[in-house]
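Q: sequence and computational prediction follow.
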Amino acid sequence: PDTDSLLDLYNYAMENDFIGTYGASKTYEMEVKFSIVIAYQEFYGHCVDMSRIDRLVEEINSHMSKAYKTMSDAVGHDFNPNSSPQLATVFIKELGYPVVATTDTGAPSTGKEARKIWMKQTNADGSPKYPLAFTLHDYATYSQLHSNFTKNLPKFATEDGLCFSEVTQFLETGRVSVKEPNYQSYNDTVKKYIIPREGFYALDADYSSVEARIMVSMAGCKNMVERLKDPDMDYHTSKASDMFGVPYELVSKDLRKMSKGVNFGILYGLGNWNLGVNLYGVGSKENSLRAKKQKELYFKGMDELRGFIDKSKAQGTTQFYSTTYFGRRRYYDPRKERTDRIERQSCNARIQGTAADIYKIAMVRLFHQICIRGWLGKVLISAFVHDECFLEVSKSLDPCMVLKVLRECMSLKIDGWCPLFIGCGFGRSWYEAKKTEIPVQVQDKFIDNWSDSGLDWWNGDTDKLFHWEQQQINDYRRDRVISYLKNPDNYG
């Protein structure tokens, strides 16, 4: 009966052109194709190193114990770190942390949202204003991994370590969610134990500053689009250089962080007061004025961005939905949400939703290549994490040949846009592949020299592959520094 009803509903929707009425043709086509990619991912799953699982449990328990001891020593007594009321008493009443978020019942919260706000605030010297917020966040992260992963691993994994997670496709953000187990929540500690199955090597890839690149491209910021054609150009470093009048090469981590904070504040519609708190750690009239000035400096050379932001906010409050570049809609109910919240969500959804669309298109393209090249079962898409994919690749396939195909699938070329570069790496675990960031210029070298003929030494030795790529990256960085130092234009 359910199938019959579904078919009737489908025919009714098609006969009445629901898809065209709601501008969902591209979205429908994309999601139908992506559902097949999800099925492929769910069928093969991902692999946990069961031979070292006891060590992982010990490592997680050690992190939790260390974090708890730090917190209990700071307050001078024991408490239950898994109790929300006790955490609120310890952090807000005893330690004096400000109430920055509340629970559904209106009680002060020490949850993820509150911790993120506390962790952003700093003292005048740049040190954390609420250092134990970081400790609590670490404890919560490892506690979640214990509860949702290692504790239930016998239920999730086969004897040889294969886990078959369930992927939920239709989130209003355009992204996907995962459960049982949620591999999107794995931190670096767990990723060290996520390994390619026997006869495979790991390959991880993600987009570089994709949301910033989407933002300036959709806004039509021609000057910044041109600058971002250089793979070495980091968006937030470039904006910090503009904002603070510092040469690009001399932008410090703190200045880049401030530029990134202003970018976040503008897109999420933060007022000058709240942006001042985010940037300078405390709310004051002086910091509010400083934040206002930073906003103005941020738009330097990017006047088109103002119009894009205003249009994006208005889209949500006038037509009650926002659209991605590809036409995906996210709807808003003005009866249930405040206007300022709709404005923030609408602006962010256009960018984040476009990033989700690009990712899905890329994975559909990749799966198509897997099919036509006879790579089914040889190139496994083992995890989707927002703008990142984790692959397991058969050792029968040359790494540089697979890299070329992967990069071509992910690097969508859109007229008037800056390039969508990827970072990628090979490894013997998800952690190694993720942490190995092969620069675009080194990717070019791999593809130009070996994507057709293959590596003449490749015999499936993943240890040699990992050390070889590290050496190639180090050689490139060394040569870059030498070239910079030898260039008279850099003397000053």
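A: Now that the structure is in, tell me what you want to look at.
Q: not counting sequence-adjacent ones, nearest residue to residue 326?
A: residue 357 (4.5 Å; C-beta to C-beta, 6 or more residues apart in numbering). To be clear about C-beta, it is placed using only N, CA and C from the backbone, and glycine gets the same treatment.
Q: go through the helix or strand containing that neighbour and flag the buried ones.
A: Assigning secondary structure by DSSP states H and E places residue 357 in helix 339-372. Using 16 or more other C-beta atoms under 10 Å as the test for burial, helix 339-372 gives 342-367, 370.
Q: picking up where we left off before, the residue nearest to residue 326 contacts residue 329, correct?
A: No. Using C-beta atoms under 8 Å as the test, residue 357 is too far from residue 329 to be in contact (11.6 Å).
Q: mind listing the shared neighbours of the two?
A: residue 27 (C-beta atoms under 8 Å, 6 or more residues apart in numbering).
Q: contacts for the worst-scoring helix or strand of the chain on mean pLDDT?
A: Least confident helix or strand of the chain, by mean pLDDT, DSSP states H and E, is helix 272-280 with a mean of 80. Helix 272-280 has contacts (C-beta under 8 Å, 6+ apart) with 120-122, 258, 261-262, 264-265, 270, 282-284, 287-292, 294-295.
Q: among those residues, name the ones in helices.
A: 120, 258, 261-262, 264-265, 287-292, 294-295 (DSSP state H).
Q: what's the ChimeraX syntax to select whichever of those residues are buried?
A: The buried residues among these can be selected in ChimeraX (16+ other C-beta under 10 Å) with this line:
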select :120,258,261,262,265,287,288,290,291,294,295
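Q: just give me the neighbour total for the closest residue to residue 307 other than its chain neighbours.
A: In this structure, residue 307 finds its nearest non-sequential neighbour in residue 219, 7.4 Å apart by C-beta to C-beta, 6+ apart. Residue 219 has 21 neighbours, counted by other C-beta atoms under 10 Å.
Q: just the one 10 residues further on next, same as before
A: By other C-beta under 10 Å, the residues close to residue 229 number 11.
Q: ok so it is a helix residue?
A: No. Looking at residue 229 with DSSP: H, G, I helix; E, B strand; the rest coil, it is coil, so not inside a helix.
Q: so it makes contact with residue 417?
A: No. Taking contacts as C-beta under 8 Å, residue 229 lies outside contact range of residue 417: 9.9 Å.
Q: okay, and for this structure, where does confidence drop off?
A: 1, 281, 492 (pLDDT under 70).
Q: and the next helix or strand past the helix or strand where residue 13 lies?
A: Using DSSP H and E, residue 13 sits in helix 2-15. For helix 2-15, the succeeding helix or strand toward the C-terminus, using DSSP H and E, is helix 18-21.
Q: quick one: contacts of that following helix?
A: So helix 18-21 is in contact with 13, 24-25, 28, going by C-beta under 8 Å, 6+ apart.
Q: mind redoing it with 10 Å?
A: 9-10, 12-14, 24-29 (C-beta atoms under 10 Å, 6 or more residues apart in numbering).
Q: can you put these in a markdown table and add distance to residue 129 and neighbour count?
A: Formatted as a markdown table, the contacts of helix 18-21 follow (distance: C-beta to C-beta, whole Å; neighbours: other C-beta atoms under 10 Å):
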| residue | distance to residue 129 | neighbour count |
| --- | --- | --- |
| 9 | 54 | 11 |
| 10 | 55 | 11 |
| 12 | 57 | 10 |
| 13 | 53 | 13 |
| 14 | 57 | 11 |
| 24 | 46 | 16 |
| 25 | 50 | 13 |
| 26 | 46 | 16 |
| 27 | 43 | 21 |
| 28 | 48 | 16 |
| 29 | 49 | 14 |
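Q: what's the closest of those to residue 194?
A: Within these, proximity to residue 194 (C-beta to C-beta) peaks at residue 27, which comes in at 31.4 Å.
Q: from residue 202, how far out is the nearest residue to that closest one once chain neighbours are set aside?
A: Residue nearest to residue 27 in three dimensions, not counting chain neighbours: residue 328, with 4.7 Å by C-beta to C-beta, 6+ apart. Using C-beta to C-beta, to the nearest Å, one gets 31 Å for the distance from residue 328 to residue 202.
Q: please enumerate the strands of the stretch 1-150 of the chain.
A: Using DSSP state E, counting those that start in this stretch, the strands assigned to the stretch 1-150 of the chain run over residues 46-47.
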